[in-house]
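Asks: Quick one, structure for this:
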Amino acid sequence: MDAIENMITRMNEQAISEREALKKERLAEIDMAFIQEQTHINNEHEALLQKQIKEIEKKYKQQRDRQQVTFRQAALHEKQRVLTKFFKDAVDEMNHWPKEDMQKFSEHLLEKIELATPLTIQVGELSRDGLTAEWVEEMNHLYNKQMTLLDELLPKQAGFILHDNGIQYNFVFENLVKELQTHMGVELAKRLFD
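Replies: Numbers count the residues shown, from 1 in each chain. This is a model prediction of the structure:
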């Protein structure tokens, strides 16, 4: 009987040992499956998180770029407004020069013109007190010109137009400043705003 009991005991011990081994094996499989599933879930979560971060960064960059463009446009508009006002103020100031300044500036323009043919000069309404028939005669003598003053004035303008056989040389102050603005506007903007 002892042999049978020993056998039963060994069989029980072997069964317990096999059950423990099977239990350990099964727990190890469950643990491994859990770890794999957890790793898979973590990887998916990380991938989703990275995708969301990239989308947020992309939206942020787009918004920042839009704001920069808006800011640059606003700054450009403001610079343009300042430049336009600067040139408008220059025209207004020239239009209201005292007689002596207007004559001196106009004389400077005339001395650079090398036209010897008979010319007619038409002055602006705002220049008629300074650019008179007497002043035209004085310029004719000083610079050997043959200019005749027209009675017709350029309305609401300062400066003058020389007429030479159908060709007009426009020295209306507003036009001179506009031409200067076209040629020097960019350079002036750089000096003022950089």
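Asks: okay, the residue minimising distance to the centre of the chain: pLDDT?
Replies: The residue lying closest to the centre of the chain (C-alpha atoms, centre = their mean) is residue 72, at 4.0 Å. Here the pLDDT value assigned to residue 72 is 90.
Asks: Check residue 193 too.
Replies: 72.
Asks: in what helix or strand does the closest residue to it other than its chain neighbours lie?
Replies: Among residues not flanking residue 193 along the chain, residue 79 sits closest, at 5.5 Å (C-beta to C-beta, 6 or more residues apart in numbering). C-betas here are computed from N, CA, C, even on glycine. Secondary-structure assignment from DSSP states H and E places residue 79 in helix 2-95.
Asks: With residue 97 instead?
Replies: Residue 97 belongs to no helix or strand when elements are defined using DSSP H and E.
Asks: That one: what's it in contact with?
Replies: Counting by C-beta atoms under 8 Å, 6 or more residues apart in numbering, residue 97 makes contact with 105, 130, 158.
Asks: Likewise for residue 167?
Replies: Listed by C-beta under 8 Å, 6+ apart, the contact set of residue 167 is empty.
Asks: Count residues in the vicinity of residue 26, would you?
Replies: 10 (other C-beta atoms under 10 Å).
Asks: Per-residue confidence at it, what does it come out as?
Replies: For residue 26, the model assigns a pLDDT of 90.
Asks: Check residue 138 too.
Replies: At residue 138, the pLDDT value in this model is 91.
Asks: quick check, it in a helix?
Replies: Yes. Applying DSSP: H, G, I helix; E, B strand; the rest coil, one finds residue 138 inside a helix.
Asks: Contacts only, for it.
Replies: Counting by C-beta under 8 Å, 6+ apart, residue 138 has no contacts.
Asks: Quick check: it vs residue 114, distance?
Replies: 19 Å (C-beta to C-beta, to the nearest Å).
Asks: Same question for residue 2.
Replies: For residue 2, the distance to residue 114 (C-beta to C-beta) stands at 144 Å.
Asks: any weak-confidence spans in the chain?
Replies: The chain contains residues with pLDDT under 70 at 1, 116.
Asks: Any of the contacts of residue 97 buried? List them.
Replies: 105, 130, 158 (16 or more other C-beta atoms under 10 Å).
Asks: Do me a favour and get the backbone dihedrals for the last one.
Replies: Note on residue 158: backbone dihedrals following degrees, to the nearest 10 are phi -120, psi 150.
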